[in-house]
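In: My questions are about this predicted structure, shown below with the sequence.
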Amino acid sequence: MAGKIKEKACLNCKAVYIGDRCPKCDETPSTNTFKGKLQVFNADKSEIANRLDIHKEGEFAIKIK
């Protein structure tokens, strides 16, 4: 029986992903411990993305531990 695939959050840009490297910034430092996810569709117009310092579209962690 295969184990459940765990999502990771990039410690550099907060992107949520599955794999070895962050697809947004191509960095490797990550954590499996994060709270909440945010889907950003238009980073330029999103007030929440602006508050969290997110400048790209995609799925991001709200809080990284």
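Out: Nice, I can see it. Numbering: from 1, shown residues only.
In: Please give me every residue in contact with the residue nearest to the spatial centre of the chain.
Out: Central residue of the chain (Cα atoms, centre = their mean): residue 15, 1.8 Å from the mean position. Listed by Cβ atoms under 8 Å, 6 or more residues apart in numbering, the contact partners of residue 15 are 9, 22-25, 56, 58-61. (Each C-beta comes from the backbone N, C-alpha and C, glycine too.)
In: Would you mind measuring the gap between the ends of stretch 12-29?
Out: 7 Å (Cα to Cα, to the nearest Å).
In: next one: it to chain centre, how far?
Out: 7 Å (Cα atoms, centre = their mean, to the nearest Å).
In: Excluding chain neighbours, what is closest to the residue nearest to the centre of the chain?
Out: residue 24 (4.1 Å; Cβ to Cβ, 6 or more residues apart in numbering).
In: just checking, the one you found touches residue 58?
Out: Yes: in this structure, residue 24 is within contact of residue 58 by Cβ atoms under 8 Å, at 6.2 Å.
In: out of those two, which sits in the busier spot?
Out: Higher neighbour count among residue 24 and residue 58: residue 24, with 20 against 17, using other Cβ atoms under 10 Å.
In: show me where the protein has strands.
Out: Using DSSP state E, the strands of the chain run over residues 8-10, 16-17, 30-31, 34-40, 58-64.
In: Would you reformat the ones you listed as JSON lines and include distance to residue 52?
Out: Below are the strands of the chain laid out as JSON lines (distance: least, Cβ to Cβ, whole Å):
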{"stretch": "strand 8-10", "distance to residue 52": "12"}
{"stretch": "strand 16-17", "distance to residue 52": "13"}
{"stretch": "strand 30-31", "distance to residue 52": "16"}
{"stretch": "strand 34-40", "distance to residue 52": "7"}
{"stretch": "strand 58-64", "distance to residue 52": "7"}
